[in-house]
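> Turn this into a model:
(one chain, ligands or ions: 1)
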Amino acid sequence: MELLITGGRLVSGEPADVLVDGGAIVAVGRQPHAVADEVVDATGLVVAPGLVDGHRHVWQAPLRGIGADMTLTDYFGAVLGRALDAYTPADAHLATLLGAAEALDAGITTVVDWCNVAKSREHLDAVLDAYATAGIRAVVAHGGPGQDGDAEFLAGLDGRVRGGLAILGPQYGAGDEAARQIRLARSLGLMTSMHMAGGADEPLDRLHAAGLLGPHLQFVHVNAMTPHEARLLSDTGAGVTVTPVVEGTMGHGASPYSRFAGAGGRCGLGTDVVVNAPPDLFEPLRDTLRRHRAETSSMAPAGPVLAAATADSAAAIGLGSSVGAVAPGLRADLVLLSGLAHVRGDAAAALVTTSRSSDVHTVIVDGRIVKRAGHLTTLDLPKLREAAVSLALRATDC
Ligand SMILES: [Zn+2]
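Model prediction:
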């Protein structure tokens, strides 16, 4: 099935029609005579790559706003402890639908779901079922002691929803176990994701000495990143994803975006959790720009920061050859934004500094329209919010 997006402009300012076939972008440029099964009129809209959320605990969507003043210790007890314990497989399904709806509404077309809620195979199946319905691109990252079987199962997923291994890593867990899990994931072709504070060179040095650092790994946060760690991660091509809004709100420390850039690395962005942060990537983009300008004491241009939520975010999770740009050969994950029709030339800087979820006009994932003229087509966001209220009250009633 062919889809033609016509009359829009790319973020670069170039007028562009985008022709999609079989879920992939097949041509970008003027297509005056192209015929397609469906035509989307993008006149006055900016055609941007779909945003890539490299780190999100999607199951927490019903718990939005409950953790505004939580420390990390509070969060471990109330959210990763008591609330998570209360989730049934049906709750995991509903919460994943709600989280996916909030992401799609904000122009996020790919999410790495750090899926703590996959406590049992039934929970994991419920999550995968929700993604089949939602239409968002997802990497379901899950794993833990005794769950190697789930890793093998996740490695069998291919296409719009695929698997990853989520591990404690060498700083929050045992180094030997981290090495074993990374080897397992690598043998299965899975990306391995782990939280890391950084600031202690030894865990990364040990992974490097064992030949285990590389693009198949994703390190999240790394707020205390040292110059040595920045070089090691950059030189080996390991992915780094920062979630600056949550990191700042919870006091994890300053985003390493500028430090990593100084070593030649490129951070991706994530939302992390909605218990104390909004469900979109626009605020993390702006937070990154402001901090980068402050840390470099410069008027670093705003436009290039967009890559942190698109191409660089995709690269940090191993999907750089599939999504993150509007180019032939890539999957057709696109966002059409309103409000910038008057901007001459490059619109990336205007997007980074001013766009918000209400400007997200149309969203396309894998060639399928999932938001059209401001309304989600696969999910009913207000109904999901309403349905999730009783789940949230039950999960926080202790
Ligand atoms: Zn996290």
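> What is the longest strand out of those in the chain packed up against?
Scanning the chain for the strand with the most residues, using DSSP state E, yields strand 2-10. Contacts defined by 3 or more CB pairs under 8 Å, 6 or more residues apart in numbering; DSSP states H and E place strand 2-10 against strand 15-21, strand 38-41, strand 46-49, strand 334-337. For every residue, glycine as well, the C-beta is placed using N, CA and C.
> So which of these is nearest Arg183?
Closest approach to Arg183 among the helices and strands packed on strand 2-10 (CB to CB): strand 46-49, 33.0 Å.
> Which secondary structure elements does the closest one sit against?
Against strand 46-49 (3+ CB pairs under 8 Å, 6+ apart) you get strand 2-10, strand 334-337.
> how about the helices and strands packed on strand 2-10, which one is nearest Thr354?
strand 334-337 (10.1 Å).
> how about stretch 224-240: buried residues?
For stretch 224-240, the neighbour count (16 or more other CB atoms under 10 Å) marks 224-226, 229-230, 232-234, 236, 238-240 as buried.
> Which residue ranges of the stretch 201-350 of the chain form helices?
For the stretch 201-350 of the chain, helices defined by DSSP state H, counting those that start in this stretch occupy the ranges 201-209, 227-236, 244-250, 257-262, 282-296, 311-316, 348-354.
> Can I get those in a markdown table including mean pLDDT and distance to Thr96?
Output for these, formatted as a markdown table (pLDDT from 0 to 100; distance: least, CB to CB, whole Å):
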| stretch | mean pLDDT | distance to Thr96 |
| --- | --- | --- |
| helix 201-209 | 93 | 31 |
| helix 227-236 | 97 | 30 |
| helix 244-250 | 97 | 19 |
| helix 257-262 | 97 | 29 |
| helix 282-296 | 97 | 21 |
| helix 311-316 | 98 | 20 |
| helix 348-354 | 98 | 28 |
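> Out of those helices, which gets nearest to Ala68?
Counting by CB to CB, Ala68 lies closest to helix 244-250 out of the helices of the stretch 201-350 of the chain; the figure is 7.8 Å.
> so how far is the closest one from its chain's centroid?
Centroid displacement of helix 244-250 relative to its chain, using CA atoms, centre = their mean, to the nearest Å, is 16 Å.
> Show me the strands in the stretch 101-250 of the chain, by range?
With DSSP state E, counting those that start in this stretch as the criterion, the stretch 101-250 of the chain has strands at 108-114, 137-141, 161-167, 191-196, 217-221, 239-242.
> Just checking: what are the partner strands of the first one?
Within its sheet, strand 108-114 is paired with strand 51-56 (parallel), strand 137-141 (parallel), according to DSSP bridges.
> Show me the one of the ones you listed that comes nearest Asp21.
Ranking those by proximity to Asp21 (CB to CB) places strand 137-141 first, at 17.8 Å.
> Could you give the average pLDDT over the closest one?
Mean pLDDT, strand 137-141: 98.
> Contact partners for the closest residue to Thr353 other than its chain neighbours?
Closest residue to Thr353 apart from its sequence neighbours, by CB to CB, 6 or more residues apart in numbering: Ala302 at 5.3 Å. Ala302 sits next to 289, 348-349, 352-353 when contact means CB atoms under 8 Å, 6 or more residues apart in numbering.
> Kindly provide the distance from Ala302 to Arg344.
In this view, Ala302 and Arg344 are 15 Å apart by CB to CB, to the nearest Å.
> Over to Val222?
38 Å.
> who's more crowded, these two?
Val222 (29 against 7; other CB atoms under 10 Å).
> picking that back up, pick the most buried one from the strands paired with strand 108-114.
Compared across those, strand 51-56 shows the largest average neighbour count, a mean of 30 (mean count of other CB atoms under 10 Å).
> Which one of the helices and strands packed on strand 2-10 lies nearest to Gly159?
Closest to Gly159 of the helices and strands packed on strand 2-10 is strand 15-21 (CB to CB; 16.2 Å).
> Just to check, Arg259 is in contact with His228?
No. The criterion here is CB atoms under 8 Å, and Arg259 misses it with His228 at 11.1 Å.
> for the protein, what's the longest helix?
Secondary structure of the chain per DSSP state H: the longest helix is helix 89-105.
> Pull out the buried residues from that one.
Using 16+ other CB under 10 Å as the test for burial, helix 89-105 gives 89, 91-105.
> Give me the distance between the most centrally placed residue in the chain and Gly107.
Geometric centre of the chain, nearest residue: Asp53, 1.4 Å, by CA atoms, centre = their mean. Look at Asp53 and Gly107: by CB to CB, they are 10 Å apart.
> what's the closest of the contacts of Ala302 to Gln31?
Set against Gln31, the nearest of the contacts of Ala302 by CB to CB is Ala348 (22.9 Å).
> Apart from its neighbours in sequence, what residue is nearest Met1?
Of all residues not flanking Met1 in the chain, Asp37 sits nearest, at 4.9 Å (CB to CB, 6+ apart).
> phi, psi of that neighbour?
Main-chain torsions, Asp37, degrees, to the nearest 10: phi -70, psi -30.
> Test my guess that it contacts Asp21.
No. With contacts counted by CB under 8 Å, Asp37 stays clear of Asp21, the gap being 9.4 Å.
> any common contacting residues for the two?
1-3.
> buried subset of those residues?
Buried among the shared contacts of Asp37 and Asp21 by 16+ other CB under 10 Å: Leu3.
> what sits against Thr133?
Taking CB under 8 Å, 6+ apart, we find Thr133 in contact with 97, 378-379.
> Take those residues and write them to JSON lines, including pLDDT and distance to Ala200.
Shown next, in JSON lines, are these (pLDDT from 0 to 100; distance: CB to CB, whole Å):
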{"residue": "Leu97", "pLDDT": "98", "distance to Ala200": "39"}
{"residue": "Thr378", "pLDDT": "95", "distance to Ala200": "44"}
{"residue": "Leu379", "pLDDT": "98", "distance to Ala200": "42"}
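> Mind putting those into JSON lines with distance to Trp114?
Below are the contacts of Thr133 laid out as JSON lines (distance: CB to CB, whole Å):
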{"residue": "Leu97", "distance to Trp114": "17"}
{"residue": "Thr378", "distance to Trp114": "22"}
{"residue": "Leu379", "distance to Trp114": "21"}
